[in-house]
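Participant: Build the 3D model from these lines:
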Amino acid sequence: MPLGAAKAALLGAAGSAGGLGAGYWAGGYIGGTPNSIKQISKLLYVDDSCAAITPVLTYTNYELGGYANAGVSGYWVGGRQDGSGTLLTLINKTDFDDDSTSTASGSLDDACRFFGGLFANSGTAGYSCGGSPSGGRTDAIEKLLFADDSCGAITPVLSQTTRAGAGCANSGTAGYVAGGNPDTSYTTVINKTAFSDDSTAAIVPTLSVARWGLFGCANSGTAGYWAGGAAPLSDVIDKTAFSDDSTAAITPTLAAAVRTGGAAGLTGTAAYWGGGSDAVGYSAEIDKTDFSDDSTAAITADLATANSAPAACSNDAGL
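Facilitator: Numbering: from 1, shown residues only. The predicted model follows:
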């Protein structure tokens, strides 16, 4: 059986059995009362279909972050709770076997955190970088160990305090956080965390455009992608080659300029960019970037609800 057919067969079988071969979007801001949702949308990679699943977050939430231990579970970290606007240290966890969702045993050390940049070293740990604790911005990095869900701050920090950046990872090697809002301005800076020792520093390559509220995902082993963002509202997609960290805008762009969406990537296949705020309002649209040639276009399926500032993660288990 050819590799592509074998991969499709695996994704199809797994998609019918549970979460394997799917991207997930959780929470998000919808305005009104309530102003945010508990909903989780699931996109099956085998056919690009997307629908809400019955398990939901344990709280209404937006400006949260997501990362995954592929083949095992997805994590929904921090954010802001509907109603009181309470900032959260809680971490929800979605089991990819059956999509059940519950509160993880670990929680953020920081008093509260939203709008961080997140990434994971799948099989080992997830990282929450920067964001807004109560009353400002932070350069802190918190690390959750997948072995026991324990979570705490590590000694390395980002090169600057920032929020509303994006994260992605070259799993097994390094994680990256790009862009954001360090003060009243926007940044092009990309920080890199080496998984061997968690050392973290800004790299010389930068984003092509300074922006916050961008979203990131990776074709692990090859490149990271940074899409959308604001100031002004952007449709730009930047690409960071993991071989040398060189970074530049690619010719394809998102179908529409958008900020504060969520991204999920299927390694070796494609990136999916979903939700956010565009020039009209809250979006349910999902764009897809084909990793073979970086071509990008909207797909037919949408998220279950149009929203801004959801979290997203991917379960591709290395397929």
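
Participant: so where's the stretch 201-319 of the chain shaky on pLDDT?
Facilitator: 317-319 (pLDDT under 70).

Participant: tell me the helices in the protein, going along the chain?
Facilitator: Taking DSSP state H to define them, one finds helices in the chain at 3-17.

Participant: Could you tell me which strands sit next to the longest strand along it in the sheet, and their orientation?
Facilitator: In the chain, assigned by DSSP state E, the strand with the most residues is strand 296-307. With DSSP bridges as the test, strand 296-307 is paired with strand 283-290 (antiparallel).

Participant: Buried residues, the strand it pairs with. List them.
Facilitator: Under the neighbour-count criterion of 16 or more other C-beta atoms under 10 Å, strand 283-290 has Ser283, Ala284, Glu285, Ile286, Asp287, Lys288, Thr289 buried. C-beta here means a position set from N, CA and C on the backbone, and glycine is covered the same way.

Participant: Identify the residues contacting that strand?
Facilitator: Strand 283-290 has contacts (C-beta atoms under 8 Å, 6 or more residues apart in numbering) with 43, 48, 50, 225, 227, 237, 252, 254-256, 258, 261, 269-278, 295-299, 301-308.

Participant: on that earlier part again, now render the buried residues of strand 283-290 as a markdown table, adding distance to Ile37.
Facilitator: Listed next are the buried residues of strand 283-290 as a markdown table, based on distance: C-beta to C-beta, whole Å:
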| residue | distance to Ile37 |
| --- | --- |
| Ser283 | 14 |
| Ala284 | 12 |
| Glu285 | 17 |
| Ile286 | 17 |
| Asp287 | 21 |
| Lys288 | 23 |
| Thr289 | 26 |
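
Participant: Just name the closest of these to Leu57, please.
Facilitator: Ala284 (17.8 Å; C-beta to C-beta).

Participant: Bridged to Phe119, which residues?
Facilitator: Tyr127.

Participant: Wait, it touches Asn170, no?
Facilitator: No. Judged on C-beta atoms under 8 Å, Phe119 makes no contact with Asn170 at a distance of 9.2 Å.

Participant: residues shared between the contacts of these two?
Facilitator: Tyr176.

Participant: Looking at the two, which is more packed in?
Facilitator: When Phe119 and Asn170 are compared for neighbours, Phe119 comes out ahead with 29 against 23, by other C-beta atoms under 10 Å.

Participant: Let me see the contact set for that one.
Facilitator: Contacts of Phe119 (C-beta under 8 Å, 6+ apart): Tyr67, Gly126, Tyr127, Cys129, Gly167, Cys168, Ala169, Gly175, Tyr176, Val177, Thr193, Gly216.

Participant: The third one reaches Ile141, doesn't it?
Facilitator: Yes. Under the criterion of C-beta under 8 Å, Tyr127 is in contact with Ile141, at a separation of 5.9 Å.

Participant: so what sits against both of the two?
Facilitator: Thr193.

Participant: Neighbour count: those two, which is higher?
Facilitator: For Tyr127 and Ile141, the more surrounded residue by other C-beta under 10 Å is Tyr127, and the numbers stand at 26 against 23.

Participant: who touches the more buried one in this structure?
Facilitator: So Tyr127 contacts Tyr67, Leu118, Phe119, Ala120, Asn121, Ile141, Glu142, Lys143, Leu144, Gly167, Gly175, Thr193 (C-beta under 8 Å, 6+ apart).
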